[in-house]
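Novice: 3D, please:
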Amino acid sequence: MAEKNDKWNVTDLPDLSGRTAVVTGANSGLGLAATDALARAGAHVVLAVRDPERGRAAAAKVPGSTEVRRLDLADLSSVREFARGWDRPLDLLINNAGVMMLPEQRTADGFEMQFGTNHLGHFALTNLLLPYVTDRVVTVSSGLHRGGDGVIHFDNLDLRGNYNPTRAYAQSKLANLLFTLELQRRLTEAGSPVRALAAHPGYAATNLQSHHANPLARLGMAVGNRLLAQDDRAGTLPTLYAATQDLPGASYVGPDGLGEMRGGPTLVGRSRAASDPAAARRLWTLSEEMTGVAWALGVAAG
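Specialist: Coordinates of the predicted model:
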């Protein structure tokens, strides 16, 4: 007789009827898998995507209630335009979109692309939408937040003269965790019921790996995707778990398997650098200065 799988799965999602979610990067990979699961559970899901045509093609494959809106996280004017167009309660914001291990390049605002997209774009989006958020913000990080130098390069966030694709990606994913930590601190101080959480997919086969700056690394990742990785539906389970289960603010969810590479969702640890409240506050201050977007709830946070 087959062994029963009692790990939390997409079939364990609660009824989300009447709830609204925004998922960034929702036209493919983990974002599309999350969109599909949330919509099937009854949520109205807004696909926030850089290319609306691709977004509409993706939405056509999703049963349930969806809409598509343009959002380019590498362009702060696009982030502001998206936020200006929002005028209703938002139960769930999933900061999923990201770029991974690209050759050195800049956002529309001149920031290093991975830090600018993965962290600064989501930082600005979250603060601009926060007055509408009623339940929680889930930001997708990575186990690779421990990689690179394992620190935020506060004196050189763009890594000019010190660029390495893995270092830049790791810094951006570490920033995601520090952002979540400081966001939760501010929400708590403001007396808000909104919770900030983070998740990581483990080793999930998506199209992100195909953009690595190193051709040999791309080849290695392609092989790993075939032999080792879990699929995008399994990879999105930690995000869905963080989005719907009763967890403490600032929780971090990942797979429960060896090395957190695959498996069912569970609470996982993070690096010491990702748990540093002083670094989280410093990063927040710098992020406000870089984006021109400030804390949204009107309560001073020291």
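
Novice: since we're on residue 246, how many residues are nearby?
Specialist: 5 (other C-beta atoms under 10 Å). Using the backbone N, CA and C atoms, a C-beta is placed for each residue, glycine as well.

Novice: With residue 193 instead?
Specialist: 11.

Novice: State the three-state secondary structure for it.
Specialist: coil (DSSP: H, G, I helix; E, B strand; the rest coil).

Novice: Quick check, pLDDT for it.
Specialist: For residue 193, the model assigns a pLDDT of 97.

Novice: for residue 230, same thing?
Specialist: Reported pLDDT for residue 230: 87.

Novice: Please work out how many residues are found near it.
Specialist: 20.

Novice: so it touches residue 260, yeah?
Specialist: No. Contact between residue 230 and residue 260 fails when scored by C-beta atoms under 8 Å: they sit 11.5 Å apart.

Novice: Give me the phi and psi angles of residue 38.
Specialist: phi -70, psi -40 (degrees, to the nearest 10).

Novice: Tell me how far it lies from residue 238.
Specialist: To residue 238, residue 38 is 14 Å away according to C-beta to C-beta, to the nearest Å.

Novice: follow-up on the earlier one: quick check: neighbours shared by residue 230 and residue 260?
Specialist: residue 202 (C-beta atoms under 8 Å, 6 or more residues apart in numbering).

Novice: what's the burial count for the nearest residue to residue 18 once chain neighbours are set aside?
Specialist: Excluding the flanking residues, the one nearest residue 18 by C-beta to C-beta, 6 or more residues apart in numbering is residue 42, at 7.4 Å. As a burial measure, residue 42 scores 15 neighbours (other C-beta under 10 Å).

Novice: mind starting the numbering at 798 from now?
Specialist: I'll keep to 798 as the first residue from here, and by that count the last item is residue 839.

Novice: Pretty sure residue 839 sits in a strand.
Specialist: No. Checked against three-state DSSP, residue 839 lies outside a strand; its state is coil.

Novice: How about the secondary structure of residue 959?
Specialist: coil.

Novice: and what of residue 815?
Specialist: Under three-state DSSP, residue 815 comes out as coil.

Novice: My read is that it contacts residue 862, right?
Specialist: No. Using C-beta under 8 Å, residue 815 is not in contact with residue 862, being 10.3 Å away.

Novice: Among the two, which residue is more densely surrounded?
Specialist: Neighbours were counted for residue 815 and for residue 862 using other C-beta under 10 Å; residue 862 has more, 15 against 9.

Novice: Just give the nearest non-adjacent residue to the more buried one, would you?
Specialist: residue 841 (4.2 Å).

Novice: burial count for the nearest residue to residue 938 once chain neighbours are set aside?
Specialist: Distances taken as C-beta to C-beta, 6+ apart place residue 973 nearest to residue 938, at 4.1 Å, with adjacent residues excluded. With neighbours defined by other C-beta under 10 Å, the count for residue 973 comes to 25.

Novice: my guess is residue 973 meets residue 912, correct?
Specialist: No. Here residue 973 does not reach residue 912: they are 10.4 Å apart, not a contact under C-beta under 8 Å.

Novice: now the strands: where do they sit in the stretch 848-997 of the chain?
Specialist: 863-867, 887-892, 930-937, 992-996 (DSSP state E, counting those that start in this stretch).

Novice: Just the helices from this structure, written as ranges.
Specialist: For the chain, the helices defined by DSSP state H cover 826-837, 849-856, 873-881, 910-911, 919-926, 962-986, 1012-1024, 1029-1032, 1034-1041, 1074-1088.

Novice: Sketch out the low-pLDDT regions of the stretch 848-997 of the chain for me.
Specialist: Across the stretch 848-997 of the chain, nothing is flagged by pLDDT under 70.

Novice: For residue 817, list the residues it contacts.
Specialist: 840, 841, 842, 843, 885, 886, 887, 888, 889.

Novice: same thing but at 10 Å, please
Specialist: Residues near residue 817 by C-beta atoms under 10 Å, 6 or more residues apart in numbering: 835, 840-843, 862, 864, 885-890, 929, 931-932.
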